[in-house]
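Engineer: need a structure here:
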Amino acid sequence: MSAASNYLETKLLDHSLGTASFTSPSTVYVGLFKSTVDAATTLANLEAGTLTDEVPTSGSTAYARQTITFNSASSPGGTATNNGAVTFTTATANWGDVTHLALLDGGTAGAGNVLYAGALDSTKTVETGDSFVIQDANLTITLA
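Structural biologist: Numbering: from 1, shown residues only. This is a model prediction of the structure:
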């Protein structure tokens, strides 16, 4: 997963060229998303900051974004991995087929700015009683 959002690309470009400052978020959250049309459209929506495909919080699903931290980026290559496992709350209703995830600067579902987004290696169906887990160092962010 390493597609930077349009929002982040603009902020980093302005910051690195000295035209505007960018303050990194104090907390980064990971959110789960479902493809309602197709994978390419879902990724394009996330890169544009459109959050309509996030796992719903209505209907007592127990879904909530989770905080995530990262190890320092390696050099050369600019690759960073998550520091520690991230375990989502156990689903109390079916979440459906999770196909994408995004890193965001806000913890409220449907809100905040997308930082990075990408498709999962394979679709994960989350049903009642399941927990979605991102294992330690299993989420990689790369700037190319």
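Engineer: C-alpha only now, for contacts and for neighbours.
Structural biologist: Will do.
Engineer: helix, strand or coil for the residue nearest to Ala73 when sequence neighbours are not counted?
Structural biologist: Using C-alpha to C-alpha, 6 or more residues apart in numbering and skipping residues adjacent in sequence, the residue nearest Ala73 is Ala80, 4.3 Å away. Three-state call for Ala80 (DSSP: H, G, I helix; E, B strand; the rest coil): strand.
Engineer: Ala80 and Asp136 touch, don't they?
Structural biologist: No: applying C-alpha atoms under 8 Å as the test, Ala80 and Asp136 come out as separate, 11.8 Å apart.
Engineer: more neighbours, these two?
Structural biologist: Ala80 (19 against 13; other C-alpha atoms under 10 Å).
Engineer: Tell me what the more buried one is bridged to.
Structural biologist: Assessed by DSSP bridges, Ala80 has beta-bridge partners Ile141.
Engineer: need the contact list for the residue nearest to Ala73.
Structural biologist: Residues in contact with Ala80, defined by C-alpha atoms under 8 Å, 6 or more residues apart in numbering, are Phe70, Asn71, Ser72, Ala73, Ser74, Thr140, Ile141, Thr142.
Engineer: repeat for His15
Structural biologist: Residues near His15 by C-alpha under 8 Å, 6+ apart: Ser21, Phe22.
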